[in-house]
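In: Quick one: sequence plus predicted model below, questions after.
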Amino acid sequence: MRRERVPIVVLVLAAIGAAFFIVPLLGLIVRSPWRDAVTALTAPETVEALKLSLFASLSATAAGLVLGVPLAWLYARVEFPGRNLLRALTTLPMVLPPVVGGIALLLAFGRRGLVGSWLDSTFGITLPFTTAGVVMAETFVAMPFLILTVEAGLRSMDRRYEEAARTLGASRWRVFTRVTLPLIGPSLFAGAVLCWARALGEFGATITFAGNFPGVTQTMPLAVYLLLETNQEASYILSLVLLLVSLVVLVGLRDRWLGSA
Amino acid sequence: MSLDASIQLTIGPLNLEMQVTIDEGEVVALLGPNGAGKTTLLRAVAGLVPFRSGHVRLDGKVLEDTATGEYVPTERRPIGFVFQDYLLFPHLSVLENVAFGLRSRGTSRQAAVEIAMRWLDRVGLKSYAGSKPAELSGGQRQRVALARALAPDPRLLLLDEPLAALDVTTRADVRRDLKRHLDSFEGIRLVVTHDPIEAVALADRLIVMENGRLVQSGTPAEVTERPRSQYVADLVGVNLLRGEADHGSVKLASGPVLAAAGAELGEVFAVVHPRAIAIHRTHPEGSPRNVWSGRASSIELLGNRVRVRIDGEVPLVAEVTPAALKELNLVEGGEVWLSFKATDVAVYPA
Amino acid sequence: MRSRLSLVIVAAAFLAACGSSGGTAASSPSPTPLSGSISVFAAASLTASFNALGASFQTAHPGVTSKFNYAGSPTLVTQIEQGGPADVFASADTTNMDKLTTDGFTVGSSSVFAHNQLEIVVAPGNPKGITGLADLAKPGVIYITEAPTVPAGKYSLQALASAGVKVTPKSLETSVTGVISKIETGDADAGIVYTTDVSAAGSKVSGVQIPANNVIATYPIVVVKGTTNSVVANVFITYVLSASGQSTLQSFGFLAAS
């Protein structure tokens, strides 16, 4: 079978681009103290941080789905005044420095925050220093990715399928669950994975809003950061773990990404 | 059972103003050129397109009425819609597609599957129940789309260019099947098409639309024998002229006067079949009362006939045999004379 | 450019206000004017004081640009060891200085330039009525501190241990700045930082002194190996250790070097 030749320029630039990502990974693999790997990985703080990270990032993804899909639907399907502004506001965390996001969350949901003070005085609920606070911080920075991906999926789907479903007697809810969601499946899945990956790696907003305490708010990125100061080599191992977990998911995702209609 | 629709709407350049009444047992075809508004009208009846004023009543029940503000949403109308691209849900199997309407309306899974399987059997696709739409051919998909629309037993069946997506060879067979299914359906059937063969084959009555308005309505025979618009005339392949009749002659708007046997009084359409027109290189002698000069602007060979378009005082299309053309030594741009008898001019009120 | 100009103006006004009373460090003019730039990596607790030192250093040596990088001491050590462009390193404890020295990143021996003490930081007006270390364990008090790898965090553990107080912090911040900002926003009730931090935060916080069981923090300063301007680096350190530099430091609440 005759294969079309790839232009040299493309090959060279692509190789440089690939190296840019591969070399750091190789650096981590080569410099990690494999002999001490097991000790580093089974240390209670590590296990705790990993469990917390997985729990928080998955919760953040769930929250992202529940709140983000309706928002994406609004942006894609409903014309209303101020839509562009609202969309910009809800995707702002993507370009905002995470620490700034954390500060904003404190001022809103901290003990003396706009909403936080009410929560504290009425229910006695405080969000900083809690795992819930971690989930909030991660949701804040990660949800925009989900919103944008799902919105794109909704915009690009053929809406006539929804019309066809309506002519067959499907209620709006049924159209959404049986036709729309399955048709944007790939975008939905890709958005959820992007959201999860971003949440897993979140540092700045988490430490600013939720603080840092093992088992409660110390996620993997925070643990790695602190470990860097006491036991650098252990931090390499942990970094590698984070990297590999993310890599596995992204590799698994790829095909479905490309398979979207 | 009847459909009574009166719809006025404007979408972009289209200004639609139509009244459609269909009685029980009728198959009506909406025929017209692209952009006439046929699909828009169909979708408006289904409730998928909002309209400025008008109403839609099915079996006396109001589905939509701008005067009173009543509106029954599409999903609650007892309709079946077959889309031009079929729009079979790609993520569902053929069986699930056909069962979709039943399940949406509350039928239990078991009952829906039974009914759906029966319909698949009727359209001869029972063995494809578990397949995905992508695995089927165009003709098969069309049948699934039909089964899907009919399974929930609708009162009104709307078909939007049901055969347009098929290639010519499959079309004839599928058309025969479609006619069979349409005949066995008891409700009201409204088909949109731009193909006159399809319209004539499937329908009891034709409604011809152009630019959002009604141009002609009648049985296929009536419409084809007495076209009332250039569009239909072109479809049928005849020459259509319009003018003022006065006992045996018709004065065309452009000036010339035709000799037409049977022309009485009043505004009339005059039809001359291309076959009836003779072409000469010199001014002809003989009995034909209609003799006109002109120039052959295009010559088209169609199988065993030749169509010659002639511009002149009375622009017409004439049809001769290839042998005759050769004898005439005629090329494009050549000067000719036409002749046809007054008795070959069919006249009817405009 | 603009910031340097305003700095000069402020310094000039400062000098004009002070007049010629009191010996300033720059009373003996340097033979050739210094030039170039230095990067000072200083512990977070030195932020306000070193900014002031930097300003007056600038006035005395207009040809020099000094840049300051503040963070938790262990973070700075990591940065330097990974190639961070530091000329001078000022640590908040000897442990971190020793690490840097042992790892071979220093030039010559370090000098102690200041001492610091711990102080409890609370919201303005001390609404929770904290009187001492024991009150940190009171129910309803949200106590935070620095991570143990940060000197202040290590010292706070020591102080609490020697006072026999058992309390679990709600968060282990990466620097004193983290603790202070959470007190300022009102999300934490009390934290342990340095006295200098409390005075630097001014009216945004209140402080509760720790007379007994306090820990004296020792702040050493050193020239970093690989400095691009060892002349200016050394002059800067001399300035910090000079009477003028010391008085500046003490005005921020630091204790004398000796």
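Out: Received the coordinates, thanks. Treat the numbers as computed from the prediction; the structure is a model and nothing was measured.
In: Whatever residue of chain B ends up closest to chain C: what's its closest spatial neighbour, skipping adjacent residues?
Out: Closest contact between chain B and chain C, by Cβ to the nearest Cβ, is at residue B:91 (47.4 Å). From N, CA and C alone the C-beta is placed, and that goes for glycine too. By the measure of Cβ to Cβ, 6 or more residues apart in numbering or on different chains, the closest residue to residue B:91 outside its immediate chain neighbours is residue A:182, 4.5 Å from it.
In: Just the buried positions in the helix or strand where that neighbour lies, please.
Out: Assignment of secondary structure by DSSP states H and E places residue A:182 within helix A:181-183. Neighbour counts over helix A:181-183 (16 or more other Cβ atoms under 10 Å in any protein chain shown) mark A:181, A:183 as buried.
In: who touches that helix?
Out: A:157-158, A:161, A:188, A:261, B:89-91 (Cβ atoms under 8 Å, 6 or more residues apart in numbering or on different chains).
In: can I see the domain layout of chain B?
Out: Listed domain ranges for chain B are B:2-233, B:237-349 (source: automatic domain parsing).
In: residue ranges of the strands in the stretch 201-350 of chain B, please?
Out: Using DSSP state E, counting those that start in this stretch, the strands assigned to the stretch 201-350 of chain B run over residues B:205-210, B:213-218, B:239-246, B:249-252, B:257-259, B:265-272, B:278-280, B:290-302, B:305-312, B:316-320, B:335-340, B:345-349.
In: before we move on, what about the stretch 151-258 of chain C?
Out: Going by DSSP E, counting those that start in this stretch, the stretch 151-258 of chain C shows strands at C:172-173, C:190-194, C:206-209, C:216-224.
In: Report the angle between the second one and strand C:216-224.
Out: Between strand C:190-194 and strand C:216-224, the angle formed by their directions is 50 degrees, by axes from the mean of the first three to the mean of the last three Cα atoms, to 10 degrees.
In: what residue is smack in the middle of chain C?
Out: Centroid-nearest residue in chain C, with Cα atoms, centre = their mean: residue C:46, separated by 1.7 Å.
In: And that residue, its phi and psi?
Out: phi -100, psi 0 (degrees, to the nearest 10).
In: Tell me how far the closest residue to it other than its chain neighbours lies from residue B:310.
Out: Spatially, and ignoring its direct neighbours in sequence, residue C:46 is nearest to residue C:90 (5.8 Å; Cβ to Cβ, 6+ apart). Distance check for residue C:90 against residue B:310: by Cβ to Cβ, to the nearest Å, it reads 103 Å.
In: Looking at the two, which is more packed in?
Out: residue C:90 (29 against 23; other Cβ atoms under 10 Å in any protein chain shown).
In: For the more buried one, which residues are in contact?
Out: With Cβ under 8 Å, 6+ apart, residue C:90 has these contacts: C:40-43, C:46, C:50, C:113, C:219-221, C:240.
In: Of those, which is the nearest to chain B?
Out: Looking across these and measuring by Cβ to the nearest Cβ, the closest to chain B is residue C:41, at 58.5 Å.
In: Quick check: the closest one touching residue C:89?
Out: Yes - Residue C:41 lies in contact with residue C:89 (Cβ atoms under 8 Å); the separation is 5.0 Å.
In: What confidence value was assigned to residue C:45?
Out: Listed pLDDT for residue C:45 reads 84.
In: Can you get me a residue count around it?
Out: By other Cβ under 10 Å, 33 other residues sit near residue C:45.
In: try residue A:70
Out: 12.
In: how much space between it and chain B?
Out: 21 Å (Cβ to the nearest Cβ, to the nearest Å).
In: any idea how far the spatially most central residue of chain A lies from chain C?
Out: The residue lying closest to the centre of chain A (Cα atoms, centre = their mean) is residue A:195, at 2.5 Å. Distance of residue A:195 to chain C, computed by Cβ to the nearest Cβ: 26 Å.
In: Test my guess that that residue contacts residue A:61.
Out: Yes - applying Cβ under 8 Å as the test, residue A:195 and residue A:61 come out as touching, 5.1 Å apart.
In: tell me, what's touching these two both at once?
Out: A:142, A:146.
In: Which one's more surrounded, residue C:41 and residue C:89?
Out: Between residue C:41 and residue C:89, counted using other Cβ under 10 Å, residue C:89 has the larger neighbour count: 32 against 25.
In: Spit out the contact partners of the more buried one.
Out: Contacts of residue C:89 (Cβ under 8 Å, 6+ apart): C:40-42, C:76-77, C:80, C:97, C:100, C:106, C:221-222, C:224.
In: Make sure it is indeed in a helix.
Out: No - under DSSP: H, G, I helix; E, B strand; the rest coil, residue C:89 sits outside any helix and is assigned strand.
In: Show the model's pLDDT score for it.
Out: 96.
In: hmm, back to that, count of neighbours near the residue of chain B closest to chain C?
Out: 16.
In: how about it, secondary structure?
Out: Going by three-state DSSP: residue B:91 is coil.
In: right, quick check: stretch A:107-115 against chain C, any contact?
Out: Yes - part of stretch A:107-115 sits near chain C under the criterion Cβ under 8 Å from any Cβ of the partner chain, namely A:107, A:110-113.
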